[in-house]
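1. Predicted model, plus sequence, below.
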Amino acid sequence: MPSDEERGAAPAREAKTPPQNEASTREGNTAMEQSRELTPPPLPPRPLHNLMNDPSASPASLRLSTRSSRPRLLSQATTALSLADAHPPSRSESIGASDTPSSRPVSRKQSPSRTVGSNDPGDQDDSASLKSYAPTRDPRFDGESIIGDISKYVPSPAWKALSSQVERDDPLEQLDPKTDYYSLQIEHEFDEIPPIDADGSNEEALLELWKTKLKHFFILSASGKPIYSRHGDDQLISNYIGIAQTLISFYQGAGDQLKGFTAGDTRFVMLSKGPLNLVAVSRLGESDVQLRTQLESLYMQILSTLTLPSMEKMFSNRPSTDLRRPLAGTDVLLDGLADGFTRGSPSTLLSALECLRLRKTHRQAINDTLLKVRLPGLLYGLIVAAGRLVSVVRPKKHSLHPGDLHLIFNMLFEAGSVKAGGGENWIPLCLPGFNNTGYLYMYVSFFSTLENSVPGSERPSSSGKDDELAIVLISANREGFFELQKMRNDLVAQLEKNGSMAVIKAAIRKGHASCSDIVPNTALRHFLYKSRGNVQFTMPSFEPYYHGLVARRRLMTLYATLHDSIHSRTAHLKVQHCVAHDAVALAWETPLFELYCVAGPQASREALTEGANRVVRWIRREEERVFIIGGAVF
Amino acid sequence: MADSSAPKPSSSVKLVLLGEAAVGKSSLVLRFVNDDFQPNKEPTIGAAFLTQKCQLPTRTIKFEIWDTAGQERFASLAPMYYRNAQAALVVYDITKESSLVKAKHWVAELQRQASPGIVIALVGNKLDLCEDDEEAAEEESSGASATAAADDEEGEESEAAAESTENNDEGNNSTARKVSLKEAKSYADEENLLFFETSAKSGHNVGEVFTAIANAIPETSLKGRNAGAAAGAGTQAALTGANENSRVNLNAASGDGGPKEGCAC
């Protein structure tokens, strides 16, 4: 852990907080209320002139014209002098109105939901947020440098007194002390637990092994029947399923849903969905909202297999239905999702999709081709490369739900069922985001992009994940296979003819650009940029800094923490800056985008903010390359 | 065996694979199409469509294969796949008794619902899992075949399988095999099915299954073939040939049963 001195030199977090003296007293209150970990720590008091007058701060500061869209500030921010030299504010203002606090995810902070069984997490949050809002209305701070030069900063006694608490809260700290244990453990996280011997002699050992897993997911029916567990077989986990069921039904009986609880360093989060109860158990420091999102995704996978009406019918006919039977064979899909969450998936974290970067004209050519070969039976058509969307064709009145696409991508690229077989696939599935009551039929055909294989030829079944191109065509007609097969053939022929196929394959082979290619000479090592309007994100390659599972998981934990604090209802941070001995990080939210970036430990905050600004400029320039805007619509 | 001088008539055959989950349908197809095997293959979702050509002495058969998922929830889609199919491969797992029961259901459904001329092959897969049984049984049963050392290969096994079935029949629960060759064979004969025991893992008998099916398809039901010999006789011959073929493979002592034998693809 960094010493106080380090911390003083670079405060762990900065919200949009007033550098007035009253801040320290307010901080005291907040800190008391927010007694546990994960809370954004109080903000350091800062001399006013640093923000306004210190010229050294300005070149590297974030210019946040977009902050004017923050609803409670909107009316007063217009007098800010500095708006003039900020980005044109026009782009953001229209979105502002919808960005009310109530549209945010429900707080997972120190609300009563943290303790067992509250269904009203709002009360405390509201009072807390009122306090933290009031002083920030000062217009002088709008549109001005958020991250000033704090080198002249001297820690106040109050700051020092609170720093012990702050240390617990520093997101980067979470990575540190337990890193060794987690690093060791996560290497084995996905190892299978062997079955219990017939004589039960190894049960103890297996339970120990089971308990070392950093993350568990369980799904059980309302009557307590196990449906799914990521680790361990029924025999091993039956006791724990029983306990979970007892806890859940106890609070359900009282009309008071159990949402989550903490035991030691482990967080338990429950989600009840009709006849199903889903439980996530995590030691990876994820927030309740993040875990709940993951459970939602598992639930959507189940709906995707069964559809909502047929599942409900099964349970209404027989409440003790064993859902394992109808779900047989889908464990690989649930495992794929669960392991994706455990590894840390930017896509799930941000609830957004990633696209293959292509020139605008190239993407347009592909879109035109899709529209040209489209057959009347088609609902959606996707070209997907290594988990990234290349192009999409869809009806005007139906957009594609990111959750649905995530299920499809998971099926295609994580759970090897589809691609391993070679050949073409015809898969009935329900897209719950589109319509959770019925099945659609999905035609899937994979290509390898490695060699210049003849289109339609059999793929080598052992080819890696990163060189795969899939054409996915979805229809409501269960007999539509040959129609869609014809469309696929036409599509491939056309793409080959107009050179688009070569463009796509080249883009896939190129992979992610490294961070230094995107913004040369930057201190940044990695970033995530989510375009909120497009529900898409982009990121550079994890290499060379985040090679391997452990490094990636640590990076994702950092992102998750940043994401959590930015989306916290209590804090309403717009910018967060974290410093620790192994990285400095910045999260920045506007109505248009969310940006999370990470730099090495030596990077100054000027370098970090400069990098962030350059990323934003790069995105603006490349917007139509890195994102699919509109797609092919018919 | 392929006659390379003249292009042979070629025709497509729609073939569907049916059977309980996890009996090895996809693995059989993967072996046949790519000559590959993946242990712990993940379950098929929905159905996969693959094609593979099979060279016969007088013609080329292009199989259009529907490899269906075995889970119950997909059962309602099966008619879509076996409708108009000229051949069906009903697969069970010789180490799992319930899978033969399921296979019998599929055979009954096919006989009731599918096109009347459909050629059905019953296939017991996972023969490789029973190697140990056979060896053990062999050692126990007789010293006569003591010369047949364990290092001899597949022909050996199937012979042993044939021989030792009786021994294993009487509730020898420690062995992997749960469905005896005799039981399945007699059922297949009763229902007029082609019958094989295969191992997708080793490739044993896999090619033979498809070749036998190709031979058994009546020429009249083939599109785009030349007007050939008397169709009825041809079919009869093909069927006989196929049966012989299967018998030969199951009982032959020599190791001539390579997976691609008789199917140059």
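-> Sure thing, it's come through.
2. can you pull the contacts of A:Glu594?
-> A:350, A:528-530, A:532, A:563, A:566, A:587-588 (C-beta atoms under 8 Å, 6 or more residues apart in numbering or on different chains). From N, CA and C alone the C-beta is placed, and that goes for glycine too.
3. Now flag whichever of those is closest to chain B.
-> Nearest to chain B among the contacts of A:Glu594, counting by C-beta to the nearest C-beta, is A:Leu350 at 26.9 Å.
4. about what we covered before: restrict the contacts of A:Glu594 to the buried ones and give me that as a PyMOL selection.
-> If you want just the buried ones from the contacts of A:Glu594 in PyMOL, going by 16 or more other C-beta atoms under 10 Å in any protein chain shown, the selection is:
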select buried, chain A and resi 350+528+529+530+532+563+566+587+588
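5. Contacts for stretch A:364-374, please.
-> A:358, A:381, A:383, A:390-391, A:393, A:487, A:490-491, A:494-495, A:498, A:500, A:504, A:631-632, A:634.
6. switch to 10 Å and redo it
-> For stretch A:364-374, the external contacting residues (C-beta atoms under 10 Å, 6 or more residues apart in numbering or on different chains) are A:358-359, A:378, A:381-383, A:390-394, A:471, A:473, A:486-495, A:497-501, A:503-504, A:624, A:628, A:630-634.
7. Give me the subset of the residues you listed that lies in helices.
-> Using DSSP state H, the members of those that fall within helices are A:486-495, A:497, A:500-501, A:503-504, A:624.
8. so where's the chain uncertain?
-> No chain specified, so I'll use chain A. Along chain A, the model assigns pLDDT under 70 to residues A:1-182, A:420-422, A:449-467, A:571.
9. please go with chain B instead
-> Applying pLDDT under 70 to chain B flags residues B:1-6, B:132-174, B:222-265.
10. 50 - rerun?
-> For chain B, the stretches with pLDDT under 50 are B:1-3, B:141-172, B:224-265.
11. Buried residues of stretch A:201-218, list them for me.
-> A:206-207, A:209-210, A:212-218.
12. measure that stretch end to end?
-> 25 Å (C-alpha to C-alpha, to the nearest Å).
13. cool, stretch A:214-234 as well?
-> End-to-end for stretch A:214-234, by C-alpha to C-alpha: 19 Å.
14. do it and chain B meet at all?
-> No: using C-beta under 10 Å from any C-beta of the partner chain, stretch A:214-234 stays clear of chain B, coming no nearer than 14.4 Å.
15. Near chain B, which residues of the stretch 251-400 of chain A? Just list them.
-> A:305-306, A:310, A:325-333, A:335-336.
16. Narrow those residues to those that are buried.
-> Neighbour-count burial (16+ other C-beta under 10 Å) applied to these gives A:305-306, A:310, A:326-333, A:335-336.
17. quick one: which of the residues you listed is nearest to chain B?
-> Of these, the one sitting nearest to chain B (C-beta to the nearest C-beta) turns out to be A:Gly329, at 3.6 Å.
18. contacting residues for the closest one?
-> A:Gly329 neighbours (C-beta under 10 Å, 6+ apart): A:305, A:417, B:21-22, B:42-45, B:69-74.
19. And it, how close does it get to A:Gln536?
-> Here the criterion is C-beta to C-beta, to the nearest Å. By it, A:Gly329 lies 31 Å from A:Gln536.
20. Please look at A:Ser417 and B:Pro43 and confirm they touch.
-> Yes: if you go by C-beta atoms under 10 Å, A:Ser417 and B:Pro43 touch, sitting 6.0 Å apart.
21. joint contacts of those two?
-> Residues touching both A:Ser417 and B:Pro43 by C-beta under 10 Å, 6+ apart: A:329-330, A:332-333, B:26, B:69.
22. now, which of the residues you listed lie within helices?
-> Among the shared contacts of A:Ser417 and B:Pro43, DSSP H puts A:332-333, B:26 in helices.
23. Now render those as a markdown table, adding distance to B:Arg177.
-> As requested, these are exported to a markdown table (distance: C-beta to C-beta, whole Å):
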| residue | distance to B:Arg177 |
| --- | --- |
| A:Val332 | 28 |
| A:Leu333 | 32 |
| B:Ser26 | 22 |
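24. ok, so of the residues you listed, who is nearest A:Gly224?
-> A:Leu333 (23.4 Å; C-beta to C-beta).
25. Name the nearest residue to that closest one, sequence neighbours excluded.
-> Residue nearest to A:Leu333 in three dimensions, not counting chain neighbours: A:Ala415, with 5.0 Å by C-beta to C-beta, 6 or more residues apart in numbering or on different chains.
26. show me what contacts that neighbour?
-> A:Ala415 touches A:330-337, A:339, B:42-43, B:45, counting by C-beta under 10 Å, 6+ apart.
27. how much space between it and A:Arg625?
-> On the measure of C-beta to C-beta, A:Ala415 and A:Arg625 end up 30 Å apart.
28. For stretch B:84-104, list every residue counted as buried.
-> Result for stretch B:84-104 [16+ other C-beta under 10 Å]: buried residues B:85-96, B:99-100, B:102-104.
29. Span of stretch A:574-593 from start to end?
-> 11 Å.
30. quick one: the helices in the stretch 101-250 of chain B?
-> B:131-141, B:154-169, B:181-191, B:206-216, B:231-251 (DSSP state H, counting those that start in this stretch).
31. cool, and the stretch 301-450 of chain A?
-> A:308-317, A:331-343, A:346-350, A:360-373, A:402-409, A:417-420.
32. in terms of contact count, name the helices or strands touching the third one.
-> Helix A:346-350 is packed against helix A:288-306, helix A:331-343, strand A:353-354, helix A:402-409, strand A:524-531, strand A:536-538, helix A:548-566, strand A:593-599, with contacts defined by 3 or more C-beta pairs under 10 Å, 6 or more residues apart in numbering or on different chains; DSSP states H and E.
33. Now the fifth one - C-alpha only, PDB.
-> The C-alpha coordinates for strand A:524-531 follow below in PDB (Å, rounded to 0.1, in the frame of the first residue of the first chain):
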ATOM      1  CA  LEU A 524      -1.700   5.200 -21.500                       C
ATOM      2  CA  ARG A 525      -1.400   1.400 -21.400                       C
ATOM      3  CA  HIS A 526      -5.000   0.500 -22.100                       C
ATOM      4  CA  PHE A 527      -8.400   2.100 -22.300                       C
ATOM      5  CA  LEU A 528     -12.100   1.300 -22.700                       C
ATOM      6  CA  TYR A 529     -14.300   3.700 -24.600                       C
ATOM      7  CA  LYS A 530     -18.000   3.200 -24.700                       C
ATOM      8  CA  SER A 531     -20.200   5.200 -27.000                       C
END
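34. What residues does chain B have near chain A?
-> So far as C-beta under 10 Å from any C-beta goes, chain B lies against chain A at B:21-22, B:26-27, B:29-30, B:33-34, B:36-38, B:40-52, B:65-74, B:76-77, B:80-81, B:83.
35. Cool, thanks, signing off.
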